[in-house]
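Asker: here you go, sequence then predicted model.
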Amino acid sequence: MEEEQREIFATIHTRLKNTLINLGLLIGSTLLFLGGLELVLRLTGMVTVGPHPPLIFQTSNNPEISYELIPNITQKAYRSIVKTSTLGFRSEEIDPSHPLIAVLGDSITFGYGVENDETIAAQLEEQLPQFQFLNAGVSGYHLGQETALYKEKIAALHPAAVILVFYPNDMGGKTAWLDQDKVLRAEGDTSNDRPALRCNPPTTGILSWFPGKCWLDHHSAIYVAMKKFVSMRSGRETLLENQEHSRKNPEEDSITPEQITKYEQQLETLSKELTPSMKRIFVIWPDRELHAISRPNIRTLAEKYGFTVVDLYDIFGNDAKTLVWDTVHPHPETIEKAAEVIAPNMQ
């Protein structure tokens, strides 16, 4: 009887030992895999952890401009390489042998998430090589800043024409500023609050169950990659819902008459800086809304100040292809097509 019990205990002990060994191997293999994946994500730069604002801006001496691109940099930002000229534009150095066309705008013009040669200015130059197109776009700018930039840096270059790229969120008209961590901050934000050090963990879904979310957000490339994937998927679903809602409810428009009035004042200020004979093109770049109510009014006021209007809604509607990971800024294919549509208006 005792011998039989010893055999049973020995069998249990052996099985338990084997189970623990297998469990240890499984845990070890999992940790090794995760560690390897973490290393790959970090070394390849596919995912960055911790605060990582784009190091491409500096505070401007002109308070109306607020911040500007740093001259003479080659810097990774927004999943692309940003190269700037000695004048601080995302373009080649000025070539006096070619007529200069200044392209004003915000992040759409700047080329958020695309390479220098994929921006709208670069694509227009591909279409019309007899001109040099100056990419004067800066992420976050509104028309007031674009006008101040034109007065300070561009007017002296004597451009032959101006292309103003309008994006519906330009209507905000609030001037962002650069904080001590090189993070762009909204007008009215306090300097005591530092977003670069802030923790913004997911509040819904499986990632919200993770313990130590703030630590993981600043230290784990795998966690950040998972968070970005979930955010990208959610953003895509929201984009499609917003587009469909706008098509079904064209009478709804987020642009208000008050915003249009303020924008007209800014457009008038810019127009006074342009020479009367200068060719002017006003490009309406589509977002996820149709803006069926406000768009005709915006077209009218642009034409009032001598601009030829190119409405890209006529080409793309409200579903122009965007960057997959961003769902706001245009995909290179959209930019290339837009350049093909804009270019004939320069002839």
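Answerer: Happy to help now that I have it.
Asker: which residues in the stretch 1-150 of the chain form strands?
Answerer: Counting by DSSP state E, counting those that start in this stretch, the stretch 1-150 of the chain has strands at residues 57-59, 67-69, 74-77, 80-83, 100-104, 132-135.
Asker: just send these back as TSV, with mean pLDDT, mean neighbour count and distance to Ser254 too.
Answerer: Where C-beta positions appear, they are placed from N, C-alpha and C, glycine not excepted. TSV is the format used below for those (pLDDT from 0 to 100; neighbours: other C-beta atoms under 10 Å; distance: least, C-beta to C-beta, whole Å):
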stretch	mean pLDDT	mean neighbour count	distance to Ser254
strand 57-59	95	17	27
strand 67-69	96	24	26
strand 74-77	93	14	28
strand 80-83	95	17	29
strand 100-104	98	24	23
strand 132-135	98	26	28
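Asker: turn these into a markdown table, columns for distance to Gln259.
Answerer: Listed next are those as a markdown table, based on distance: least, C-beta to C-beta, whole Å:
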| stretch | distance to Gln259 |
| --- | --- |
| strand 57-59 | 26 |
| strand 67-69 | 23 |
| strand 74-77 | 29 |
| strand 80-83 | 30 |
| strand 100-104 | 19 |
| strand 132-135 | 26 |
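Asker: closest one to Leu240 among these?
Answerer: strand 80-83 (25.0 Å; C-beta to C-beta).
Asker: coming back round to it: closest to Pro344 out of the strands of the stretch 1-150 of the chain?
Answerer: strand 100-104 (13.9 Å).
Asker: start and end of stretch 274-293, how far apart?
Answerer: 29 Å (C-alpha to C-alpha, to the nearest Å).
Asker: that one - what's its average pLDDT?
Answerer: Per-residue pLDDT over stretch 274-293 has a mean of 96.
Asker: ok now that stretch, how far from the chain's centre?
Answerer: 20 Å (C-alpha atoms, centre = their mean, to the nearest Å).
Asker: that older thread, select, out of the strands of the stretch 1-150 of the chain, the one closest to Asp170.
Answerer: strand 100-104 (10.5 Å).
Asker: and for the closest one, what's in contact with it?
Answerer: Outside of strand 100-104, the residues within contact range by C-beta atoms under 8 Å, 6 or more residues apart in numbering are 94, 109, 120-121, 124, 131-137, 146, 149-150, 154, 157-165, 346.
Asker: off-centre distance for it?
Answerer: 21 Å.
Asker: ok, and the closest non-adjacent residue to the residue most central in space within the chain?
Answerer: For the chain, Tyr112 is the residue whose C-alpha lies nearest the centre (C-alpha atoms, centre = their mean; 4.3 Å). Nearest non-adjacent residue to Tyr112, counting by C-beta to C-beta, 6 or more residues apart in numbering: His329, 4.3 Å away.
Asker: pretty sure that neighbour contacts Leu323?
Answerer: Yes: taking C-beta atoms under 8 Å as the definition, His329 is a contact partner of Leu323 at 5.3 Å.
Asker: which residues do these two both contact?
Answerer: With C-beta under 8 Å, 6+ apart, His329 and Leu323 have common neighbours 112-114.
Asker: which ones are touching Gln130?
Answerer: 98-99.
Asker: which phi and psi does it have?
Answerer: The phi/psi pair for Gln130 (degrees, to the nearest 10) reads phi -70, psi -10.
Asker: pLDDT at the closest residue to Leu104 other than its chain neighbours, what is it?
Answerer: Spatial nearest neighbour of Leu104, excluding adjacent residues (C-beta to C-beta, 6+ apart): Glu146 at 4.5 Å. At Glu146, the model reports a pLDDT of 97.
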